[in-house]
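Visitor: I'd like to go over a predicted model; first the sequence, then the structure.
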Amino acid sequence: MSENTEVREEVKASSRLWLGGADCMITTLNNIMTGGGLTFFFVTYLGMDVTYSATCWLLFGLWNAFNDPLFGYISDRTNTKLGRRRPYIRYGSIAVAMIFILSWQTWTKNSSNMAMFIQMFASLFLFDMLYTAIATSLYVMPFEMAVTNKVRGRIMVTKAIFGLVALSVPLVLLGMIESILAGSLANFQMLMTAIGLVAGAVIFTSTFFYKENDYAKQEEQYPFFKSLATCFTNKSFLVFESISFSITYIQTALMMGLSYYFTAFGINMMFCYIAMFVGILAGMYIWMKPGARWGLKKSVVYMCLAFGGGLLVMMLLGRYQIAGIIGFLGSGLGFAGGMYVIPLMNGDVIDYDEHVSGLRREGMYAGVNSFICKPAISIANALFPAMLLWFGYDSRLNIASQSAAAKNGILVSWLLVSVVLLFVCALIIWKFYPLDGEQWTKTKQELAARHEAKQAAYEAEVLAKRDSK
């Protein structure tokens with residue numbers, strides 16, 4: 001059965017573009033902050049002890065255990081004229097831009113480790129609180145705007161195209177951060193200020209170009225603990241979390257090791273990035289066209305195998321340029337999957353919950369997803385430098401001056417965990433993911449029709465109230 005035979009959905013191009021732009025900007029800020037930029041700035045540039053940095057990230061992970069599900073629950077129950085999600089996006093954009101800009105100021109240069117720790121933790125704490133409110137709202141917006149994967153896919157394609165900017169800017173910046181800081185701290189801070197201001201402006205403006213389903217904000221929601229518990233009784237959600245956690249860890253870990261890899265082995269960064277973007281373009285075609293025939297389940301499994309295989313080649317032979325190119329090509333296929341098929345898979349998981357409960361609970365699911373996945377960011381930031389020390393990495397030396405054993409250790413520390421996670425995810429999804437096949441397609445059609453009826457009933461009720469005044 002074709003998804004668009006019974007229910008017609010449409011989302012304006014302007015809505016897709018502005019939503020994609022806003023998502024791009026908040027992701028860019030987060031990738032710079034948590035993808036290794038803040039750790040490099042405080043540990044390598046300011047000289048904070050790596051133990052303090054690891055402690056900061058682990059404490060930060062504990063904060064996320066409380067922050068994300070709570071916000072998801074609150075946003076599901078928010079009822080304003082702007083909707084459930086847009087108020088957090090519009091007004092959070094101003095604050096998140098300011099926190100991002102202030103995070104790179106050197107108030108603690110030549111200060112104690114404790115002083116640097118306090119600044120780093122405060123930056124992470126405040127940034128993540130605002131990031132959670134904005135990114136969670138943007139992340140679930142496509143699931144409110146449409147039900148069918150055909151229309152959601154159009155939104156995801158737009159987000160993925162903008163996602164290339166969110167990926168490329170941090171990749172280039174983090175790959176060159178050592179040389180930029182060595183050249184001029186003031187120029188680096190000006191660059192961060194410009195990025196923060198542009199991001200804030202785009203996110204704020206975007207909220208005038210898309211809207212949510214109005215009926216959902218009036219629906220009665222579960223109490224907090226029941227809402228939380230029912231997420232963990234959804235088998236499809238638990239299986240989905242295996243790949244969601246892994247992709248979060250891998251994206252963070254890969255960005256963290258870029259500067260180390262290129263500098264240690266003298267690998268040409270441009271060739272690798274070209275291979276990665278070729279992989280992204282090829283991946284978008286593969287996951288959209290053949291992937292539509294395979295279904296989401298098979299597409300995610302194939303993505304894990306391609307991504308993991310490329311990283312395995314680079315881990316074993318990454319000192320050679322050709323192996324680096326293969327690894328970055330596989331990474332491109334994986335990043336494309338992360339931008340396209342993984343969000344669609346999450347949408348199906350939320351749709352299944354509505355099929356069972358009768359409620360739209362995107363916010364709670366997004367919050368619990370963050371609760372599970374954000375520790376992966378902290379683990380990656382703590383584990384990579386710790387593993388480097390196991391291989392004899394000397395933080396007093398620059399990267400190029402490390403011993404041969406330490407340089408080989410960079411490859412293992414950087415890639416081993418990611419390779420294992422991807423192959424394990426392929427097995428878990430193949431064996432246990434249930435939302436696949438004709439029956440699931442029929443269920444989604446029924447949900448789309450239900451949404452259409454609810455929105456029509458809400459609009460009729462609003463019109464009747466207006467006429468009675």
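Guide: Perfect, thanks for sending it. Numbering: from 1, shown residues only.

Visitor: got the contact list for Ala405?
Guide: Contacts for Ala405 (C-beta atoms under 8 Å, 6 or more residues apart in numbering) come out as 391-392. In short, each C-beta sits where N, CA and C put it, glycine included.

Visitor: Mind listing what's buried along the one helix or strand it maps to?
Guide: If you go by DSSP states H and E, Ala405 is part of helix 404-432. Across helix 404-432, burial judged by 16 or more other C-beta atoms under 10 Å covers 406-415, 417-419, 421-423, 425-426, 428-429.

Visitor: what about Trp430, distance to Phe423?
Guide: As judged by C-beta to C-beta, to the nearest Å, Trp430 and Phe423 stand 11 Å apart.

Visitor: just Ile247 next, same as before
Guide: Distance from Ile247 to Phe423, by C-beta to C-beta: 14 Å.

Visitor: before we move on, what about Ala199?
Guide: Distance from Ala199 to Phe423, counting by C-beta to C-beta: 35 Å.

Visitor: same check, this time on Ser75
Guide: Using C-beta to C-beta, we find Ser75 at a distance of 35 Å from Phe423.

Visitor: pLDDT averaged over the helix or strand harbouring Ala448, what's the number?
Guide: Assessed by DSSP H and E, Ala448 sits inside helix 438-468. The average of the pLDDT scores along helix 438-468 is 75.

Visitor: Give the ranges of residues in the chain that sit below the confidence cut-off.
Guide: Flagging of the chain using pLDDT under 70 yields the residue ranges 1-9, 64-65, 108-110, 147-148, 213-219, 455, 458-459, 462-463, 465-469.

Visitor: just checking, what's the longest helix in it?
Guide: Ranked by number of residues, the top helix in the chain under DSSP state H is helix 149-183.

Visitor: so how many other residues sit close to the nearest residue to Gly35 once chain neighbours are set aside?
Guide: Nearest residue to Gly35 in three dimensions, chain neighbours excluded: Met255, at 3.6 Å (C-beta to C-beta, 6 or more residues apart in numbering). By other C-beta atoms under 10 Å, the residues close to Met255 number 22.

Visitor: Wait, Met120 touches Ser53, no?
Guide: Yes - judged on C-beta atoms under 8 Å, Met120 makes contact with Ser53 at a distance of 7.2 Å.

Visitor: which residues are common contacts for these two?
Guide: Residues touching both Met120 and Ser53 comprise Phe42, with contact defined as C-beta under 8 Å, 6+ apart.

Visitor: And the helix or strand containing Ile247, what does it pack against?
Guide: Element membership for Ile247 (DSSP H and E) is helix 235-256. Secondary-structure packing of helix 235-256 (3 or more C-beta pairs under 8 Å, 6 or more residues apart in numbering; DSSP states H and E): helix 149-183, helix 296-317, helix 321-339, helix 341-357, helix 362-390, helix 404-432.

Visitor: just the angle between the first one and helix 438-468, please?
Guide: Yep, that's helix 149-183 we're talking about. Here helix 149-183 runs at an angle of 90 degrees relative to helix 438-468 (axes from the mean of the first three to the mean of the last three C-alpha atoms, to 10 degrees).

Visitor: List the buried residues in helix 149-183.
Guide: Buried, per 16+ other C-beta under 10 Å, within helix 149-183: 149, 151-164, 166-167, 169-171, 173-175, 177-178, 181.

Visitor: Could you list every helix and strand that that helix packs against?
Guide: So helix 149-183, by 3+ C-beta pairs under 8 Å, 6+ apart, packs with helix 13-32, helix 113-145, helix 185-206, helix 235-256, helix 258-265, helix 269-288, helix 321-339, helix 341-357.

Visitor: Please spell out which residues along the fifth one are buried.
Guide: Along helix 258-265, the positions that meet the burial threshold by neighbour count (16+ other C-beta under 10 Å) are 258-265.

Visitor: how close does Leu316 sit to Phe262?
Guide: Here Leu316 is placed at a distance of 18 Å from Phe262 (C-beta to C-beta).

Visitor: sec struct for Gln233, please.
Guide: Check again: residue 233 is Thr, not Gln. Assigned by DSSP: H, G, I helix; E, B strand; the rest coil, the conformation of Thr233 is coil.

Visitor: Report how many residues lie close to it.
Guide: By other C-beta under 10 Å, the residues close to Thr233 number 10.

Visitor: where does it fall, phi/psi-wise?
Guide: Per-residue torsions, Thr233: phi -100, psi 0 (degrees, to the nearest 10).

Visitor: For it, give its distance to Val356.
Guide: 9 Å.

Visitor: now do Ser418
Guide: Counting by C-beta to C-beta - Ser418 and Val356 are separated by 34 Å.

Visitor: Next: Asn30.
Guide: For Asn30 relative to Val356 (C-beta to C-beta), the value is 32 Å.

Visitor: Looking at those two, which has the bigger crowd around it?
Guide: Asn30 (22 against 11).

Visitor: Which residue is the nearest non-sequential neighbour of the more buried one?
Guide: Tyr131 is the one closest to Asn30 (C-beta to C-beta, 6+ apart), at 5.5 Å.

Visitor: need the contact list for that neighbour.
Guide: 26, 29-30, 96.

Visitor: Closest to Ile350 out of those residues?
Guide: Nearest to Ile350 among the contacts of Tyr131, counting by C-beta to C-beta, is Ile26 at 20.2 Å.

Visitor: Hmm, Leu58 is touching Ala380, no?
Guide: No - the pair Leu58 / Ala380 is not scored as a contact, 11.8 Å apart, by C-beta under 8 Å.

Visitor: Looking at those two, which has the bigger crowd around it?
Guide: Taking other C-beta under 10 Å, Leu58 and Ala380 do not tie; Ala380 has more neighbours (26 against 14).

Visitor: Sticking with Phe66, tell me its helix or strand.
Guide: With DSSP H and E as criterion, Phe66 is part of helix 50-76.
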